[in-house]
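J.: can't give you the sequence, but here's the structure:
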């Protein structure tokens, strides 16, 4: 490969925003180069969304086996408690990551994209130098797509050491299960990992600075989750701010402040999950002449930056920092570069938390809708009344599907759910809102029986006042 390259589209970053942008650009026949310093797939595939879900699944399987060893259920009993091998769990998880990352490489190649492994440094908005194993390569592009992603936010008084003070990526690579952990931050990343560790056998304590866990979700929705935390013996300290940690050979003593004063907790490891920040350092961003919006790259509804021909997508552009948002932006930008008339203006961007039980948030909550001046109807259907939920032991999570609708025309304003496997229901919620569906659209749609998805239709029927599998509300 020559040391000087030119292209129609240069994508920097091979994560869930960058690689779809490159694939789509290649499919359009644009000469495309993708630069990635790490393995293809980005944080989501390599050390975030996907490996964490593998660990969550393993933890659920282990807990179920542990329960059956103690108490037979469904006619199933185990003669001995299950054994956990963290190295084997890690190897299984890494096998999944390797397969998916390799698959991304194959898809890029099939789309005609040139992939360069190395670190890109920009000298101006359209020119970068990539340090590769074969030496530096200079790339000049007509259009640039910045998809550099985000990284963990590190607290100055709780700096990661990879041993006693861990980030989320460290947790996913553990070779030994810690007997006890304190997790600073009870957002979705911390909650997912904490619940998984608890199921595997760790004693878990959350230290949360805010008044409640999972701040992105409303209190009614998270109530089944907080009940499950108590059932698992997980301690949650809210309005508690971590102030420092003293590390010894065998433990970490975390100090925290509350309204009642200061206190400490001694654990084997401290995990810090207090959010993420955009990756804007170390690759020449300052030489590109691009405006910021706070700490993020400023973009318009076509993901264009203030510099002509330079686009930005994904976490580097701000909240919500979600892989599916990045993917949608990447596809949109590639279509725009191919001459299509598109804007990135979704009606809703779904949020899912893979706790136990799972959470889904799409659109406005009832409180948010009323605060916006809407006169609303709310329909709620519990999974305790779902035959499918009962048949798979998923009815005892206190879960439900809730639909918030404008009273005057029945247009759906928001759909929220909590319960086992509700993440798999989220796409119907999003599609309904993107298409401007009304309650009658959902209630008249035939949902397969027996499935959890019937709860969506039943919630719509409840809002209309005539549910089938639960008593109708009194008028």
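T.: Arrived safely. This is a predicted model, so every value here is computed, not measured.
J.: quick one: low-confidence ranges for this structure?
T.: For the chain, applying pLDDT under 70 flags the ranges 1-2, 475.
J.: just the helices in it please.
T.: 18-27, 42-47, 49-70, 86-110, 168-171, 188-200, 219-231, 323-337, 366-371, 387-391, 426-434, 439-444, 454-464 (DSSP state H).
J.: Pull out the buried residues from the third one.
T.: For helix 49-70, a neighbour-count test (16 or more other CB atoms under 10 Å) marks 49-56, 58-60, 62-66, 68 as buried. C-beta coordinates here come from the backbone N, C-alpha and C atoms, glycine included.
J.: Pick the most deeply packed of the helices of the chain.
T.: helix 18-27 (a mean of 27; mean count of other CB atoms under 10 Å).
J.: Can you spell out which helices and strands pack onto it?
T.: strand 4-12, strand 32-36, helix 86-110, strand 135-146, helix 323-337 (3 or more CB pairs under 8 Å, 6 or more residues apart in numbering; DSSP states H and E).
J.: Quick check: the nearest residue to residue 94 once chain neighbours are set aside vs residue 189, distance?
T.: Spatial nearest neighbour of residue 94, chain neighbours left out: residue 51 (7.8 Å); criterion: CB to CB, 6 or more residues apart in numbering. For residue 51, the distance to residue 189 equals 12 Å [CB to CB, to the nearest Å].
J.: do residue 316 as well
T.: In terms of CB to CB, residue 316 sits 18 Å off from residue 189.
J.: for residue 331, same thing?
T.: 25 Å.
J.: can I get the helices and strands packed on helix 18-27 in TSV with distance to residue 312?
T.: Compiled in TSV, the helices and strands packed on helix 18-27 are given as follows (distance: least, CB to CB, whole Å):
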stretch	distance to residue 312
strand 4-12	10
strand 32-36	15
helix 86-110	20
strand 135-146	4
helix 323-337	9
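J.: tally of neighbours for residue 71?
T.: Number of residues near residue 71 (other CB atoms under 10 Å) recorded here: 8.
J.: Over to residue 183?
T.: The burial count for residue 183: 31, using other CB under 10 Å.
J.: so it makes contact with residue 269?
T.: No: counting by CB atoms under 8 Å, residue 183 does not reach residue 269; the two are 9.5 Å apart.
J.: what touches both of those two?
T.: Shared contacts of residue 183 and residue 269 (CB atoms under 8 Å, 6 or more residues apart in numbering): none.
J.: end-to-end on stretch 31-41?
T.: Taking CA to CA, to the nearest Å as the measure, stretch 31-41 stretches 21 Å from start to finish.
J.: Quickly list the domain ranges of this protein.
T.: For the chain, automatic domain parsing gives the domain ranges 4-47+90-152+277-337, 165-274, 351-464.
J.: can I get those in TSV with distance to residue 471?
T.: What follows is the domains of the chain, written out as TSV (distance: least, CB to CB, whole Å):
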stretch	distance to residue 471
domain 4-47+90-152+277-337	37
domain 165-274	20
domain 351-464	9
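J.: Looking at the helices and strands packed on helix 18-27, spot the one closest to residue 421.
T.: Each of the helices and strands packed on helix 18-27 has some distance to residue 421 by CB to CB; the shortest is helix 323-337, at 17.9 Å.
J.: could you say what helices and strands that closest one packs with?
T.: strand 4-12, helix 18-27, strand 135-146, strand 310-312.
J.: how about TSV for these, with distance to residue 85 added?
T.: Listed next are the helices and strands packed on helix 323-337 as TSV, based on distance: least, CB to CB, whole Å:
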stretch	distance to residue 85
strand 4-12	39
helix 18-27	32
strand 135-146	41
strand 310-312	42
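J.: among the ones you listed, which is nearest residue 97?
T.: helix 18-27 (14.5 Å).
J.: Can you verify my assumption that residue 354 contacts residue 53?
T.: Yes: if you go by CB under 8 Å, residue 354 and residue 53 touch, sitting 6.1 Å apart.
J.: For residue 258, give me its contacts.
T.: Here residue 258 is in contact with 237, 239-241 (CB under 8 Å, 6+ apart).
J.: Of those, which belong to strands?
T.: In this view, those that belong to strands under DSSP state E are 237, 241.
J.: Make a PyMOL selection of whichever of the contacts of residue 258 turn out to be buried.
T.: Buried residues within those, by 16+ other CB under 10 Å, are selected in PyMOL with:
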select buried, resi 237+240
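J.: Now the two most distant members of the contacts of residue 258.
T.: 237 and 241 (10.0 Å).
J.: joint contacts of the two?
T.: By CB under 8 Å, 6+ apart, the residues touching both residue 237 and residue 241 are 207, 256, 258.
J.: what sits against the first one?
T.: In other words, residue 207. 182-186, 237, 240-242, 254, 256, 265.
J.: Equivalent analysis for the second one, please.
T.: For residue 256, the contacting residues are 207, 237, 240-243, 262-265, by CB under 8 Å, 6+ apart.
J.: what about 7 Å?
T.: Listed by CB atoms under 7 Å, 6 or more residues apart in numbering, the contact partners of residue 256 are 207, 240-243, 263.
J.: and it, what are its bridge partners?
T.: residue 242, residue 263 (DSSP bridges).
J.: same thing with the first one?
T.: Listed beta-bridge partners, residue 207: residue 184, residue 237 (assigned using DSSP bridges).
J.: distance of it from residue 442?
T.: If you go by CB to CB, the gap between residue 207 and residue 442 works out to 41 Å.
J.: now the second one
T.: Separation of residue 256 from residue 442 (CB to CB) stands at 45 Å.
J.: what do you get for the last one?
T.: According to CB to CB, residue 258 and residue 442 sit 45 Å apart.
J.: In contact with residue 186, which residues?
T.: 206, 208, 213-214, 236.
J.: mind running it again at 8 Å?
T.: Shown in contact with residue 186 (CB under 8 Å, 6+ apart): 194, 206-208, 210, 213-214, 236, 238.
J.: And the helices and strands packed on helix 18-27: which comes nearest residue 366?
T.: Closest of the helices and strands packed on helix 18-27 to residue 366 is helix 323-337, at 24.2 Å (criterion: CB to CB).
J.: still on that earlier bit, reformat the helices of the chain as TSV; add distance to residue 418.
T.: TSV is the format used below for the helices of the chain (distance: least, CB to CB, whole Å):
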stretch	distance to residue 418
helix 18-27	30
helix 42-47	23
helix 49-70	16
helix 86-110	26
helix 168-171	23
helix 188-200	13
helix 219-231	5
helix 323-337	20
helix 366-371	14
helix 387-391	12
helix 426-434	12
helix 439-444	18
helix 454-464	11
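J.: and residue 125, which of the ones you listed is closest to it?
T.: helix 323-337 (15.5 Å).
J.: Against residue 429, how distant is the residue lying closest to residue 297 once chain neighbours are set aside?
T.: Spatial nearest neighbour of residue 297, chain neighbours left out: residue 312 (4.2 Å); criterion: CB to CB, 6+ apart. According to CB to CB, residue 312 and residue 429 sit 28 Å apart.
J.: Of the helices of the chain, which is nearest residue 12?
T.: Across these, residue 12 has its closest neighbour in helix 18-27 (7.0 Å, CB to CB).
J.: what does that closest one contact?
T.: With contacts defined as CB under 8 Å, 6+ apart, helix 18-27 is touched by 8-9, 11-12, 14, 32-34, 36, 40-42, 104, 107-108, 111-113, 145, 147, 313-314, 326-327, 329-331, 333-335, 337-338.
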